[in-house]
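*Asks:* Only the shape, not the letters, is given here:
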């Protein structure tokens, strides 16, 4: 409202009418079949995924596609958001939303650990709650999803570092490398959207993160939990 602007202005964010699956992405040419297989593998193998992209690049839509893939796992899924945008058809889903300054995203991340989650989904990481999220992912809750604004996979890691620095003086790069398994960078807008890169974060050497392209193995793991989580050494 004026005097911040010369005339009243507003923006309406509408929830998705339909959820696009990974197969829909391939059909539309937004990703290749090999990329879709890699993302299915990431979800089924309980790898934690960071979705990176610019404004309106489709980060939330892609997160919904991964949630659709995740809905068949039988896991208890907790979704944390500022605005209701993520949708999950899993029977055991709890969706939490921030409430102004009284209930922040960091508050939700901390409270989530008391709700016995299997997977923790963060709609968009915007502040120091990034550190709480990484700690949660790294303490028995693998296979989460989060989105962040950045212009490349590497820039996504730098953005996570910047957000952590809003709440602490030291960047825990070892924790970042341990908690985040996969980085997906989606570029463009509208019909020009493309999944640009899917990288596996293998570790960190000093200040340099070790990244390599993620490809699905010949046999994608089953959706059932077999008592063993994949680790960086495999």
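*Replies:* Noted; the coordinates are in hand. This structure is a prediction, so every number in the text was calculated from the model and none was measured.
*Asks:* Any buried residues in the helix or strand of the chain with the lowest mean pLDDT, and which?
*Replies:* Least confident helix or strand of the chain, by mean pLDDT, DSSP states H and E, is helix 105-112 with a mean of 89. By 16 or more other C-beta atoms under 10 Å, the buried positions in helix 105-112 come out as 105-109, 112. Placement of C-beta: from N, CA and C, glycine included.
*Asks:* Show me what it is packed against.
*Replies:* Other helices and strands packing on helix 105-112, by 3 or more C-beta pairs under 8 Å, 6 or more residues apart in numbering; DSSP states H and E, are strand 77-81, strand 93-97, strand 119-122, helix 129-137.
*Asks:* can you do 6 Å?
*Replies:* Packing partners of helix 105-112 (3 or more C-beta pairs under 6 Å, 6 or more residues apart in numbering; DSSP states H and E): helix 129-137.
*Asks:* Following element in sequence after the helix it packs on, please.
*Replies:* strand 145-149 (DSSP states H and E).
*Asks:* And for that next one, what's in contact with it?
*Replies:* 49-52, 59, 63, 66, 121-122, 124-125, 156, 159 (C-beta atoms under 6 Å, 6 or more residues apart in numbering).
*Asks:* For it, give the mean pLDDT please.
*Replies:* If you average the pLDDT over strand 145-149, you get 96.
*Asks:* picking that back up, go ahead and name everything in contact with the least confident helix or strand of the chain.
*Replies:* Residues contacting helix 105-112 (C-beta under 6 Å, 6+ apart): 78, 80, 96, 98, 120, 129, 132-133, 136.
*Asks:* Closest to residue 7 out of the residues you listed?
*Replies:* In terms of C-beta to C-beta, no member of these lies closer to residue 7 than residue 98, at 29.1 Å.
*Asks:* Could I get the phi/psi values of the closest residue in space to that closest one that isn't next to it in sequence?
*Replies:* Nearest non-adjacent residue to residue 98, counting by C-beta to C-beta, 6 or more residues apart in numbering: residue 82, 5.0 Å away. Main-chain dihedrals, residue 82, degrees, to the nearest 10: phi -80, psi -40.
*Asks:* Partner strands of the longest strand anywhere in the chain and their direction?
*Replies:* The longest strand of the chain (DSSP state E) is strand 194-205. Sheet pairing of strand 194-205 (DSSP bridges) gives strand 182-187 (antiparallel), strand 208-213 (antiparallel).
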